[in-house]
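Chemist: Kindly generate the corresponding structure for this input.
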Amino acid sequence: MLGSQSSTLQLMYEELQVLSALVPTRQFYFLRFRQQIEPGLWAIVNVSYNVPHQESQLSSSCKAQRLPSGCLIQDMPNGYSKITWVEHCEVEDKAPIHRLYRDLIQSGLAFGAERWISTLQRTCERVAYLMVPGNSSRDPGGGVIPSPEGKRSMTRLAQRMVSNFCSSINPSNGQQWTSVSGLNEFEVRATLHRSTDPAQPNAVVLSAAATIWLPIPPQSVFNFFRDERTRPQWDVLSNQNPVQEVAHISNGSHPGNCISILRAYNTSQNNMLILQESCIDSSGSIVVHCPVDLPSINVAMSGEDPTFLPLLPSGFTISPDGGPHQLHHNQYDVASTSSSNSNVDRSSSSGSLVTVVFQILVSNSPSARMSPETVNTVNNLIGNTVHQIKAALNCN
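Modeler: This next block holds a predicted model:
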C-alpha cells in the first residue's frame with residue numbers, strides 16, 4: 001500500500017458472486033486509489049491489474065477485467081452521504097451463462113452498480129441499528145436481551161452464520177461443483193470443502209444446492225420463507241412442527257432485515273433452537289438458518305465471544321429473474337441505470353430465482369470423500385424441500 005494523508009493506492013484481490021451454484025464467481029486483482037478531492041468529497045477508483053504468475057490461479061470459468069470503476073462519496077448537510085457508483089467491466093464467458101440467470105446477468109442486475117450500492121445501503125443500516133439501544137425484544141427465557149454486549153454478540157454470531165452460508169455456495173478454494181441429480185425439474189449440485197468455521201477448523205462439509213424458478217415476485221417468496229407461521233410448510237427437518245419466535249433483533253428499516261431465534265414445538269429437542277437471519281434489498285434477499293443449542297445461545301446472549309460456537313447453516317437465496325417487469329422496479333430508492341452490449345430476451349414473465357442450500361458435516365478427517373449415502377441424503381432433502389415449496393405456493 002502506498003499513500004499520503006489525503007490519498008492511498010492499494011493492490012487488492014476480490015471475488016464477486018451471485019449466490020447460486022449455477023453462476024461462476026468473477027475474480028479480480030485490481031488497484032484501488034482513494035483520494036479526498038475537496039472538503040466533503042471523496043473518490044474511490046478501482047481498475048484491474050495483471051499480477052505476474054497469478055492469472056493461472058484464477059479458477060473461474062469467466063475472465064473479467066475491471067475497467068475504471070468506483071464511487072464518489074459526498075458529505076451532505078443532514079448528516080447523510082450521497083453515493084454515486086459506476087461499475088464498468090469487460091467479461092469473457094468461457095462457458096455459456098446458465099439459462100435461468102441469463103437475463104439477470106445480462107441486464108446488469110447481478111454484478112452492476114445497483115447491487116453494490118444496495119448492499120452498501122443495507123450494510124450501513126445494519127451498523128446504525130446495532131448502535132441504537134432497545135431494538136431487541138425477548139430472549140429465550142422471556143425477557144429482554146440483557147445488554148448491548150449481548151446484542152452485539154448475537155449480531156456477530158448471525159453475521160458469521162451468513163458468511164459461512166455464502167462461502168459454502170461458491171467456495172473460494174476453487175472446488176468444483178458436481179451434478180449429483182439431473183431431474184427434469186431441477187439439477188442438484190454438490191461439492192466437498194474444508195469448513196471455514198473457526199469452531200470446526202478440520203471438518204469436511206458437503207454443500208448441496210439447487211436453483212428453481214418460481215412465477216412469484218421475490219418479495220412474496222421472501223415473506224413466505226421468513227414467516228415462522230409458514231415455516232412448517234417447507235422445513236422438512238421440523239417434521240411439520242410449528243415454531244415460535246422467542247427473540248428478535250431488527251437490523252434495518254425493512255421489517256425483513258432481522259435476526260431471530262426460533263423454538264420448534266418438538267418435545268424431543270427442547271434444548272435446540274434455530275438461529276435465523278433474513279435480509280433483503282433491491283438486488284435480492286436471503287434467509288439463513290442454523291440449529292444452535294440453548295447453552296450456546298446463552299453464551300452469545302450474555303455478551304461473551306461467540307467465535308468458537310459451531311455453526312453449519314442452510315437456507316435460501318432469492319433473486320429477481322431479470323424479467324422486463326423487474327428491470328426498473330426499485331422499492332429501496334436507489335437511482336440507477338444499466339447498459340450492456342448483450343441482447344437481453346425480454347419475452348419471459350417476471351418471477352424469482354430461488355436457490356435451496358443444505359450443508360452436511362461429512363467428517364472431521366481432511367481426507368473424507370463424498371459417499372453415495374451422503375449424496376442420497378442431500379438429494380432427498382433438496383427434492384422434498386423443493387416439492388413442498390411448490391405445493392405451498394401453488395406452483396406445481
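Chemist: what's the closest non-adjacent residue to the most centrally placed residue in the chain?
Modeler: The structure's the chain has its C-alpha centroid closest to C166; by C-alpha atoms, centre = their mean the separation is 4.9 Å. For C166, ignoring the flanking residues on the chain, the nearest one in space by C-beta to C-beta, 6 or more residues apart in numbering is L19 at 6.2 Å. In short, each C-beta sits where N, CA and C put it, glycine included.
Chemist: My reading is that the one you found lies in a strand. Confirm?
Modeler: No: read with DSSP: H, G, I helix; E, B strand; the rest coil, L19 is coil and lies in no strand.
Chemist: got the contact list for it?
Modeler: For L19, the contact set (C-beta atoms under 8 Å, 6 or more residues apart in numbering) comprises C166, I169, N170, G284, I286, T317, S319, T355.
Chemist: what pLDDT does it get?
Modeler: pLDDT, L19: 93.
Chemist: Please tell me how far it sits from S285.
Modeler: 10 Å (C-beta to C-beta, to the nearest Å).
Chemist: joint contacts of these two?
Modeler: Contacts common to L19 and S285, judged by C-beta under 8 Å, 6+ apart, are T317.
Chemist: Which helix or strand contains the residue nearest to the centre of the chain?
Modeler: Using DSSP states H and E, C166 maps to helix 148-169.
Chemist: Let's see that helix as PDB, backbone CA atoms only.
Modeler: Only the C-alpha atoms of helix 148-169 are listed here, as PDB (Å, rounded to 0.1, in the frame of the first residue of the first chain):
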ATOM      1  CA  PRO A 148     -25.800  -4.000  24.400                       C
ATOM      2  CA  GLU A 149     -22.900  -6.500  24.600                       C
ATOM      3  CA  GLY A 150     -25.400  -9.400  24.300                       C
ATOM      4  CA  LYS A 151     -27.000  -7.800  21.300                       C
ATOM      5  CA  ARG A 152     -23.600  -7.200  19.600                       C
ATOM      6  CA  SER A 153     -22.500 -10.800  20.400                       C
ATOM      7  CA  MET A 154     -25.700 -12.200  18.800                       C
ATOM      8  CA  THR A 155     -25.200 -10.000  15.800                       C
ATOM      9  CA  ARG A 156     -21.600 -11.200  15.300                       C
ATOM     10  CA  LEU A 157     -22.800 -14.800  15.600                       C
ATOM     11  CA  ALA A 158     -25.500 -14.200  13.000                       C
ATOM     12  CA  GLN A 159     -23.000 -12.500  10.700                       C
ATOM     13  CA  ARG A 160     -20.600 -15.400  10.900                       C
ATOM     14  CA  MET A 161     -23.500 -17.700  10.100                       C
ATOM     15  CA  VAL A 162     -24.400 -15.700   7.000                       C
ATOM     16  CA  SER A 163     -20.700 -15.500   5.900                       C
ATOM     17  CA  ASN A 164     -20.400 -19.300   6.300                       C
ATOM     18  CA  PHE A 165     -23.500 -19.800   4.200                       C
ATOM     19  CA  CYS A 166     -22.400 -17.500   1.400                       C
ATOM     20  CA  SER A 167     -18.900 -19.000   1.200                       C
ATOM     21  CA  SER A 168     -20.400 -22.500   1.000                       C
ATOM     22  CA  ILE A 169     -22.200 -21.600  -2.200                       C
END
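Chemist: Using PDB, list the CA coordinates for the helix or strand that that helix is followed by.
Modeler: Scanning forward in sequence from helix 148-169 by DSSP H and E, the next helix or strand is strand 178-182. Coordinates of each C-alpha in strand 178-182 appear next as PDB, following Å, rounded to 0.1, in the frame of the first residue of the first chain:
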ATOM      1  CA  THR A 178     -20.600 -31.900  -9.200                       C
ATOM      2  CA  SER A 179     -24.000 -32.600 -10.600                       C
ATOM      3  CA  VAL A 180     -25.500 -35.300  -8.400                       C
ATOM      4  CA  SER A 181     -29.100 -35.300  -9.700                       C
ATOM      5  CA  GLY A 182     -30.400 -34.200 -13.000                       C
END
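Chemist: Since that was my last question, I'll sign off now.
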